[in-house]
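Visitor: Kindly generate the corresponding structure for this input.
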Amino acid sequence: MSRLLFPILLVLSGCAQPSLVGQMKARGVTYLNTKKVVIRDCEGGFGGNVVVSATEQFIIQEIWDRIYLSRPYHCWAACGWGEIEFYLSEDANTPAVVLEVNETDETHLKGKTPDQGFRCPGLQEYIAQLLKDEYENKKQERNH
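Guide: Model (predicted):
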């Protein structure tokens, strides 16, 4: 029986692609231990000085929900890369992981090349709305 079980397990586990969740977990970052995210826009978006820092669990959960949907992906796009920094403590000064994101929802861990990327459906749209809201808030503050 055990001789039959081993080949079946080998076929089922097979040659699974590395996952973005797995890469983040290997660096010690999971949904459960993420306490803060900092989202930075690129110069081609709302500007490099637009930054959103969030500790609200619903924002962290929305980002992680899209990461859990990721799959290997690479598509060249003529745009910049925004960043999402993941912190294990609200008081930490250094992120545990930085995820770069472009307009096609392609992501990769900072330090990896884009051809080692993953597509996280809806991630760019979600963070773009957060960045837009922050941009509009800063614009209103300047006008008052």
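Visitor: Does Glu106 touch Arg71 like I think?
Guide: No - in this structure Glu106 lies outside contact range of Arg71 using C-beta atoms under 8 Å: 10.9 Å. All C-beta spots, glycine's among them, are computed from the backbone N, C-alpha and C.
Visitor: Show me which of the two is the more surrounded one.
Guide: Taking other C-beta atoms under 10 Å, Glu106 and Arg71 do not tie; Glu106 has more neighbours (24 against 11).
Visitor: and the residue nearest the centre of the chain, what is it in contact with?
Guide: Nearest to the geometric centre of the chain sits Leu99, at 4.6 Å (C-alpha atoms, centre = their mean). By C-beta atoms under 8 Å, 6 or more residues apart in numbering, the contact list for Leu99 reads 24, 67, 83-86, 107-110.
Visitor: what's the overlap in contacts for Glu106 and Arg71?
Guide: 118-119.
Visitor: where exactly do the strands run in this protein?
Guide: Secondary structure of the chain (DSSP state E): strands located at 36-40, 51-54, 71-72, 82-87, 97-101, 106-109, 118-119.
Visitor: Please name whichever of the ones you listed is nearest to Lys139.
Guide: strand 51-54 (14.6 Å; C-beta to C-beta).
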